[in-house]
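Asks: just a sequence and a predicted model for now, questions to come.
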Amino acid sequence: MQVVLAEDSVLLREGLVRLLEEAGATVLAAVGDGSTLVEAIAEHRPEVAVVDVRMPPSFTDEGLRAALEIRRTHPAVGILVLSQYVEESYATDLLEAGGGVGYLLKDRVSKLAELSDALGRVAAGGTVLDPEVVSALLTKRRRRDPLEELSPREREVLELMAQGRTNTAIGRLMVITQGAVEKHISSIFTKLGLPPSSDDHRRVMAVLAWLE
C-alpha cells in the first residue's frame with residue numbers, strides 16, 4: 001500500500017508516518033500543506049492520500065480543498081481524511097465526491113487493524129466513515145425526514161453502509177444471512193427512490209439521503 005501523507009504538525013506527521021508503516025503502508029512522501037500535497041500526488045501517484053483537514057495558511061479547510069482537487073485530477077487515488085473533530089460539511093463533501101474516500105477521527109487511528117482496514121477499503125474504492133462522524137451527521141438531517149418509511153432494521157443496515165461495511169460484514173454484525181442483507185438494501189433503495197441503474201455509487205447516494 002503506497003501512501004502520501006499531509007499533516008502540518010511535524011511531531012504528529014512523524015508519528016503518523018511510523019503508524020502507517022506499522023499498518024503495512026509505504027509512505028512515499030510526508031508534507032505539511034495542501035499545495036505541496038497536490039504536487040506530491042502528481043509526482044508519486046500513490047494508492048491513497050492521507051490528509052489532515054486543517055492546514056496552513058488559514059487552518060480551516062485547506063486539506064479538504066486539496067483532497068477534492070486530487071479527486072478531480074487523480075480520481076484513482078483514494079482519499080482518507082483525518083480530523084481532530086467531527087466536521088459535518090467536510091464529510092458530506094467527501095461522500096459526494098464518490099467512492100474511494102474515508103473520514104476518521106485522529107484519536108481512533110492508533111488501532112493498527114482499523115487503520116489498515118480503512119486504507120485497504122479506501123484504496124479498493126470503498127467508503128469509510130468513523131461511527132462518531134455518522135452519529136454527528138444524523139443530527140444534521142433535514143426536518144422532513146426522507147427515511148420515515150424505513151424499518152428499524154433497514155436503518156441499522158443503512159448505518160453500517162455509511163460506515164463503509166460490505167454486505168458480508170453487515171450480515172456478520174447483524175447476525176443475518178447474505179440474502180437478508182441484500183433484501184434490506186433493495187428495500188432501502190426502493191423506499192429512497194433510487195431505482196436500479198448501472199451507477200456503482202447507488203449505495204453512496206442512499207447514505208447521503210440518510211445523513212442529510
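Replies: Looks like it arrived, so ask away. Residues are numbered from 1 along each chain as shown.
Asks: just the element for the residue nearest to the spatial centre of the chain, please.
Replies: Geometric centre of the chain, nearest residue: Gly102, 1.7 Å, by C-alpha atoms, centre = their mean. Per DSSP states H and E, Gly102 falls inside strand 101-105.
Asks: right, and the helix or strand after that strand?
Replies: Past strand 101-105, the next helix or strand by DSSP H and E is helix 112-123.
Asks: got the angle for that following helix vs strand 101-105?
Replies: 150 degrees (axes from the mean of the first three to the mean of the last three C-alpha atoms, to 10 degrees).
Asks: what is the mean pLDDT for helix 112-123?
Replies: The average of the pLDDT scores along helix 112-123 is 90.
Asks: output the strand holding Gly102 as CSV, nothing but the C-alphas.
Replies: Only the C-alpha atoms of strand 101-105 are listed here, as CSV (Å, rounded to 0.1, in the frame of the first residue of the first chain):
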residue,chain,number,x,y,z
VAL,A,101,-13.0,8.1,0.4
GLY,A,102,-12.8,7.9,4.1
TYR,A,103,-13.1,10.2,7.2
LEU,A,104,-11.7,9.1,10.5
LEU,A,105,-11.1,10.9,13.8
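Asks: any chance you could map the helices in the protein?
Replies: 10-22, 34-44, 62-73, 88-96, 112-123, 131-138, 152-162, 167-174, 178-191, 202-211 (DSSP state H).
Asks: how near is the closest residue to Ile188 other than its chain neighbours to His184?
Replies: Leaving aside its sequence neighbours, Ile188 sits nearest to Glu154 (C-beta to C-beta, 6 or more residues apart in numbering; 5.3 Å). Just so you know, the C-beta spots here come from the backbone N, C-alpha and C atoms, and that holds for glycine as well. Counting by C-beta to C-beta, to the nearest Å, the gap from Glu154 to His184 is 5 Å.
Asks: more neighbours: which of these two?
Replies: Shown here are Glu154 and His184; by other C-beta atoms under 10 Å, His184 has more neighbours (24 against 18).
Asks: one step back: name the nearest residue to the residue nearest to the centre of the chain, ignoring sequence neighbours.
Replies: Val128 (3.4 Å).
Asks: check Pro196 too.
Replies: Phe189 (7.7 Å).
Asks: wait, what's in contact with the one you found?
Replies: Pro195, Pro196, Arg202, Ala206 (C-beta atoms under 8 Å, 6 or more residues apart in numbering).
Asks: what about the nearest residue to Leu192 once chain neighbours are set aside, how many neighbours?
Replies: Of all residues not flanking Leu192 in the chain, Ala209 sits nearest, at 5.0 Å (C-beta to C-beta, 6+ apart). Residues lying near Ala209 (other C-beta under 10 Å) number 17.
Asks: same question for Gly125.
Replies: By other C-beta under 10 Å, 14 other residues sit near Gly125.
Asks: any weak-confidence spans in this structure?
Replies: 88-90, 137-146, 197-201, 212 (pLDDT under 70).
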